[in-house]
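K.L.:
Sequence and predicted model, in that order:
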Amino acid sequence: MEKLRADIAVGLRSYALSVAFEVGRETIALVGPSGAGKTTVLRAIAGLRDPDAGRIALGGVAWFDSAAGIALAPEERSVGFVFQDYALFPHLSVRRNVEFGGHVRAAELLERFGVAHLADDRPATISGGERQRVALARALARDPAVLLLDEPLSALDAQTRAEVRGELQDLFAELDLPTLLVTHDFRDAAALADRVGVLVDGTLRQLGTPQELMDAPADAFVARFTGANVLFGDAAPDADGGATVVLDDGTRVVAAHAAKGRVGLAIHPWRISLSDTRPADPRLNAIRGLVASVTPESGRLRVRLGPLDVDADPRARPQRGDQLYGVFEPTSVHVVSGRPEP
Amino acid sequence: MRGRAWFTALLALALGIVVAFLAIPIVALFTEVPLRRIPSLLDDQVVRDALKVTLRANLVANALILVIGTPAAYFLATRRFRGRALVVTLIELPLVLPPAVAGIAMLAAFGATGLLGDRLAHAGIVLPFTEWAVIIAVTFVAAPFYLRQGIAAFESVDPSLPDAARTLGAGPARVFARVALPLAASGLIAGWVLAFARGIGEFGATIIFAGNVQGQTQTLTLAIYEQLDNDFDVALAISILLVVLSAGVLLSYKLLSAWKSSAPTSPSAFAPTR
């Protein structure tokens, strides 16, 4: 199994894309807002768009090397590409679509992805989830050395999405290929990928396991992307090796890590609990606020409390308009740069 | 309400004038000569020769247009280069050029004293006033119809489909043959129908560049022109033949357009709602 290495620069309209990473026998998800250059990275690796400079190599074989003047055509690279809208050939049957990539494994792949019974249908007549499976089967028919997926879940409705997410998890584990996928949803990325790279305006802000991104976000953007609340304030070191932070609204928060000056504080919603009263333990942080909304979400309640999103136990029965405290430990506070991010 | 009725009546009057003006000459063609005489009128050596020349010249011209025009249209649709707009404009020029000017231009290019006349003569090729001149004239005036439609047809193919084909191991030639060509086919056929109709009706460039010699360069339209003085009824009969042919072409073009708009060529047309 060869590793995929990419170190590329591409000039885009409003910014320069510049990323470097390595994909081994693992799945990496590139996440970020729309227009961050995620798809451009996939297209560059597939050979559909040549970078301005850099190198892309699978093991010892260069696919692209601006210094050496190498740029293999897409058909000369061993890539399986699942396009965002699947790009199935509308004039060919499901079977012919898969066979386009290679005849040898077509029948087996149709079977593997549970679409053998649709083999003679046209793509226009099958469902979104089925199209997704056909697109995967087709991408794998060529026995690629690298698998690339552009927003594999975005075209699906909520229910199919959960189903396909599970299927993709199984598939990636089974394939054991360097896999690179692009998504704008951190939850999809965390569910599917071993490592997640956060791409903003053409730059990889952080690349790490989903846990690392949540425990030690590199900046406020990454923190917010992983779902954390980010509050800004001014920090001063305290006697215990931690820091006391005065938030912009005057609230005092204690962080377990040393910090000084302008900072951002990242606190994940599931680290916060709701309370009617200020906690007795003075070491606990408490932020008072008005409950603005209560939304049920997969067995929990998503509560908007003042500046905070709180992941609450439904038994707490918070009501809109309640005055409550959001309570969290100093160790739940991650200090990030105080530069406000978009 | 009365004001509205008055306005509608005005619109209807305009439409009535348009329909009458365009339809009366066509109707007249069919009333001026008894319809049962038409088969015998068409069974004339002049008509048979003209039909032969017309079909042969158009067959060759259309073959040239399809074989050379298709890859040329694909090139223009899929590649961006400096001067592309100029090339497209040049291709479209014959659409608006008076046919007589096209005929003179071809004499200037291929005539004995023309731009390439000397070199062609040395190679033993004489084009003016031969059947090849008919073919060249028809190709010149008809090709832009096919090229224009062909460029649009290839441009309307969802670009992610050729991309997908490339990542599946297909080289550029296979992408063209297996993906771009089948997906553009209905648009290409529609363009070809238009070019065919224009070629059949070609008159001005042909009479100047190829002359009007029965059995060699006299097409159906040129035969009408000649029969005006000889036998007006034969001219009418040929005209009726061409009206029927034209109507058939127009009808098939409309059917094709309807079929094309109902057959999606891009996956986004049936992508799930997002």
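P.N.:
Good, I have the coordinates.
K.L.:
how much space is there between the nearest residue in space to A:Ala193 that is not next to it in sequence and A:Ser298?
P.N.:
Of all residues beyond its chain neighbours, the one nearest A:Ala193 is A:Ala29 (3.5 Å), with distances taken as Cβ to Cβ, 6 or more residues apart in numbering or on different chains. For every residue, glycine as well, the C-beta is placed using N, CA and C. Distance check for A:Ala29 against A:Ser298: by Cβ to Cβ, to the nearest Å, it reads 21 Å.
K.L.:
Those two - which one has more neighbours?
P.N.:
A:Ala29 (25 against 5; other Cβ atoms under 10 Å in any protein chain shown).
K.L.:
list the helices and strands the helix or strand harbouring the more buried one packs on?
P.N.:
Using DSSP states H and E, A:Ala29 sits within strand A:27-31. For strand A:27-31, the elements it packs on are helix A:38-46, strand A:179-183, helix A:186-192, strand A:195-200, judged by 3 or more Cβ pairs under 8 Å, 6 or more residues apart in numbering or on different chains; DSSP states H and E.
K.L.:
who wins for proximity to chain B among these?
P.N.:
In terms of Cβ to the nearest Cβ, the element of the helices and strands packed on strand A:27-31 nearest to chain B is helix A:38-46, at 5.3 Å.
K.L.:
Tell me the helix or strand right after the closest one.
P.N.:
Heading C-terminal from helix A:38-46 (DSSP H and E), you reach strand A:53-58.
K.L.:
wait, does that next one contact chain B?
P.N.:
No - figure legend: strand A:53-58 not in contact with chain B (Cβ under 8 Å from any Cβ of the partner chain); closest approach 14.2 Å.
K.L.:
List the contacts of that strand.
P.N.:
Contact partners of strand A:53-58, identified using Cβ atoms under 8 Å, 6 or more residues apart in numbering or on different chains, comprise A:2-9, A:44-45, A:62-67, A:77-78, A:145-146.
K.L.:
if you set the cut-off to 6 Å instead, what comes out?
P.N.:
With contacts defined as Cβ atoms under 6 Å, 6 or more residues apart in numbering or on different chains, strand A:53-58 is touched by A:2, A:4-9, A:45, A:63-66, A:145.
K.L.:
Can you tell me which of these are buried?
P.N.:
Buried members of the contacts of strand A:53-58, counted by 16 or more other Cβ atoms under 10 Å in any protein chain shown: A:2, A:4-6, A:8-9, A:45, A:63-64, A:66, A:145.
K.L.:
okay, now B:Ala112: neighbour count?
P.N.:
The number of residues packed near B:Ala112 is 12, by other Cβ under 10 Å.
K.L.:
my read is it is in a helix, agree?
P.N.:
No - counting by DSSP: H, G, I helix; E, B strand; the rest coil, B:Ala112 falls outside a helix, being coil.
K.L.:
Name the SS class of A:Glu75, please.
P.N.:
helix.
K.L.:
same for the helix or strand containing B:Trp6, what does it pack against?
P.N.:
Element membership for B:Trp6 (DSSP H and E) is helix B:2-32. With contacts defined as 3 or more Cβ pairs under 6 Å, 6 or more residues apart in numbering or on different chains; DSSP states H and E, helix B:2-32 has these neighbours: helix B:232-262.
K.L.:
mean confidence for the helix it packs on?
P.N.:
Helix B:232-262 shows an average pLDDT of 86 in the prediction.
K.L.:
Could you pull out the buried residues of that helix?
P.N.:
Using 16+ other Cβ under 10 Å as the test for burial, helix B:232-262 gives B:233-242, B:245, B:249, B:253, B:256, B:260.
K.L.:
before we move on, the earlier item: mean neighbour count, the helices and strands packed on strand A:27-31: which tops it?
P.N.:
Greatest average neighbour count among the helices and strands packed on strand A:27-31 goes to strand A:179-183 (a mean of 25), per mean count of other Cβ atoms under 10 Å in any protein chain shown.
K.L.:
Show me how the record splits chain A into domains.
P.N.:
Domains of chain A are assigned by automatic domain parsing as A:4-215, A:231-337.
K.L.:
which one of the ones you listed lies closest to B:Gly124?
P.N.:
Closest to B:Gly124 of those, according to Cβ to Cβ: domain A:4-215, at 44.2 Å.
K.L.:
centre of the chain versus the closest one, how much separation?
P.N.:
Counting by Cα atoms, centre = their mean, to the nearest Å, domain A:4-215 is centred 13 Å from the centre of its parent chain.
K.L.:
From one end of that domain to the other, what's the distance?
P.N.:
Start and end residues of domain A:4-215 are separated by 27 Å (Cα to Cα, to the nearest Å).
K.L.:
What mean pLDDT does that domain get?
P.N.:
The model assigns domain A:4-215 a mean pLDDT of 93.
K.L.:
Make CSV from the domains of chain A and add distance to B:Trp132 to it.
P.N.:
What follows is these, written out as CSV (distance: least, Cβ to Cβ, whole Å):
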stretch, distance to B:Trp132
domain A:4-215, 38
domain A:231-337, 77
